[in-house]
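Chemist: sequence first, then the predicted structure, then my questions.
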Amino acid sequence: MPPTQSLDTVPAGARAWIEQIGEEEAALLRYLASLGLLPKAELTVEEVAPFGGPLLVRVGGARYAIGKDVAAKILVRGDVGPAARRHRHRRRGR
């Protein structure tokens, strides 16, 4: 099983599954739950904005922009191997 990592380190094109939210703040937990970002949820990182910008993630049929600071509190296991890196490279070439 791959190790956990924070969502802000996952490259564009990778799929990941949320393991846990590393923040206990009730308002943040409610917000993430309202987006469907709960443990065991599957998501895809579609884009990673440069210079500390947000990540664009897909959860089910919805897309959300998640700030880097919030993404750093979401621990995931993911499909971040060579295929994900190739996909990220391909997106840049468009």
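Modeler: Structure's in. What do you need?
Chemist: ramachandran angles for Ala72?
Modeler: Here is the backbone geometry of Ala72 (degrees, to the nearest 10): phi -70, psi -20.
Chemist: surely it meets Asp8?
Modeler: Yes. Using Cβ atoms under 8 Å, Ala72 is in contact with Asp8, at 4.5 Å. Placement of C-beta: from N, CA and C, glycine included.
Chemist: the more surrounded of these two?
Modeler: The neighbour comparison of Ala72 against Asp8 (other Cβ atoms under 10 Å) goes to Asp8, with 20 against 15.
Chemist: run through the neighbouring helices and strands of the host helix or strand of Ala16.
Modeler: Applying DSSP states H and E as the criterion places Ala16 in strand 15-21. Applying 3 or more Cβ pairs under 8 Å, 6 or more residues apart in numbering; DSSP states H and E, one finds that strand 15-21 contacts helix 26-34, strand 42-48, strand 74-79.
Chemist: go again using 10 Å as the cut-off
Modeler: Strand 15-21 makes packing contacts with helix 26-34, strand 42-48, strand 55-59, strand 74-79, helix 82-92 when contacts are defined by 3 or more Cβ pairs under 10 Å, 6 or more residues apart in numbering; DSSP states H and E.
Chemist: out of the helices and strands in the chain, which is least certain?
Modeler: helix 82-92 (a mean of 44; mean pLDDT, DSSP states H and E).
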